[in-house]
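*Asks:* Below are the sequence and a predicted model for it; my questions follow.
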Amino acid sequence: ELKVEQNPLFLSMQEGKNYTIYCNYSTTSDRLYWYRQDPGKSLESLFVLLSNGAVKQEGRLMASLDTKARLSTLHITAAVHDLSATYFCAVDSLQGAQKLVFGQGTRLTINP
Amino acid sequence: DSGVTQTPKHLITATGQRVTLRCSPRSGDLSVYWYQQSLDQGLQFLIQYYNGEERAKGNILERFSAQQFPDLHSELNLSSLELGDSALYFCASSVRSGGILSSYNEQFFGPGTRLTVL
């Protein structure tokens, strides 16, 4: 069974600092997705990573995928308060049920 | 705005009751997915429909059922409700059919329905 684990689950950081959220998954997949969720809101698609070595960047966020290590990272550069949210990674289940399996989410709080 | 709509936004009901949640996918998307989000279980996949047919099942209770209609909107029916069914229910849609070799499965989420069972 595909399992997806994120760490850390909670992250409190200062504005202007850099940090990385890690997403590990248990079985072979080359399709990984990052989503953002604000409190009480829906999930917003941030990045789609489709191959080993894929890197995507949008503003202060950069996501990468290493399929051999079964690891994706979401790097935050010079954090600003507006990036406070919960971030989820999800992996495409290539076998059996065609579904996304989500990590637990990382609740990111950026303090002024 | 993802283009996926869900109604109602909020639903408050009592234990033992039955409710229906409705979802309209993005224009052109044939797949609809239902997810349950709760504090203790996280984001759990319930069920997928593709062009009117059930395609995949996840952790969906027998008390829950869903269907997708010819106009592609979908309904999730929850019956014999229990306190533990209180959660956010999301619908998502994608173009992908679910085949292993088909295109990637980026899913677009609706605003959700917050269900409170008292």
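*Replies:* Great, that's in hand.

*Asks:* how about residue 107, what does it touch?
*Replies:* No chain was given, so I picked chain A. A:L9, A:F10, A:L11, A:T86 (Cβ atoms under 8 Å, 6 or more residues apart in numbering or on different chains). Heads up, the C-betas are built off the backbone N, CA and C, glycines and all.

*Asks:* Can you look at chain B instead?
*Replies:* Neighbours of B:Q107 in contact, by Cβ under 8 Å, 6+ apart: A:Y33, A:S45, A:L100, B:Y33, B:A92, B:S93, B:S94.

*Asks:* any low-confidence regions in chain B?
*Replies:* B:96-103 (pLDDT under 70).

*Asks:* need the residues of it near chain A, please.
*Replies:* Contacts of chain B with chain A, taken as Cβ under 8 Å from any Cβ of the partner chain, map to B:2, B:33, B:42-43, B:45, B:48, B:55-58, B:90, B:92, B:96, B:98-100, B:104-112, B:114.

*Asks:* Partner strands of the lowest-mean-pLDDT helix or strand in chain A and their direction?
*Replies:* For chain A, counting by mean pLDDT, DSSP states H and E, strand A:100-102 ranks last in confidence among helices and strands (a mean of 89). Strands adjacent to strand A:100-102 in the sheet, as given by DSSP bridges, are strand A:85-92 (antiparallel).

*Asks:* can you list contacts of the strand it pairs with?
*Replies:* Contacts for strand A:85-92 (Cβ under 8 Å, 6+ apart): A:2, A:4, A:6, A:21, A:23, A:25, A:29, A:31-39, A:43, A:46, A:72, A:74, A:98, A:100-103, A:105-108, B:43, B:104-105.

*Asks:* which parts of that strand are buried?
*Replies:* A:A85, A:T86, A:Y87, A:F88, A:C89, A:A90, A:V91, A:D92 (16 or more other Cβ atoms under 10 Å in any protein chain shown).

*Asks:* Nearest spatial neighbour of the fifth one, chain-adjacent residues omitted?
*Replies:* The spatially closest residue to A:C89, leaving aside those adjacent along the chain, is A:C23, at 3.6 Å (Cβ to Cβ, 6 or more residues apart in numbering or on different chains).

*Asks:* Quick one: buried ones out of the contacts of A:R107?
*Replies:* Neighbour counting with 16+ other Cβ under 10 Å marks A:L11, A:T86 as buried within these.

*Asks:* Now intersect the contacts of A:R107 with the strands, please.
*Replies:* For the contacts of A:R107, membership in strands holds for A:F10, A:L11, A:T86, with DSSP state E as the criterion.

*Asks:* surely A:V48 meets A:K56?
*Replies:* Yes. A:V48 is within contact range of A:K56, at 7.4 Å (criterion: Cβ atoms under 8 Å).

*Asks:* now the helix or strand following the least confident helix or strand of chain A and strand A:85-92, what's the angle there?
*Replies:* Beyond strand A:100-102 in the direction of the C-terminus, DSSP states H and E gives the next helix or strand as strand A:106-111. Computed by axes from the mean of the first three to the mean of the last three Cα atoms, to 10 degrees, the angle separating strand A:106-111 from strand A:85-92 equals 150 degrees.

*Asks:* can you give me the offset of strand A:106-111 from its chain's centre?
*Replies:* Here strand A:106-111 shows a centroid-to-chain-centroid distance of 13 Å under the convention Cα atoms, centre = their mean, to the nearest Å.

*Asks:* Paired strands for it, with orientation please.
*Replies:* Paired strands of strand A:106-111, defined by DSSP bridges, are strand A:10-14 (parallel), strand A:85-92 (antiparallel).

*Asks:* Would you mark the buried spots in it?
*Replies:* A:T106, A:R107, A:L108, A:I110.
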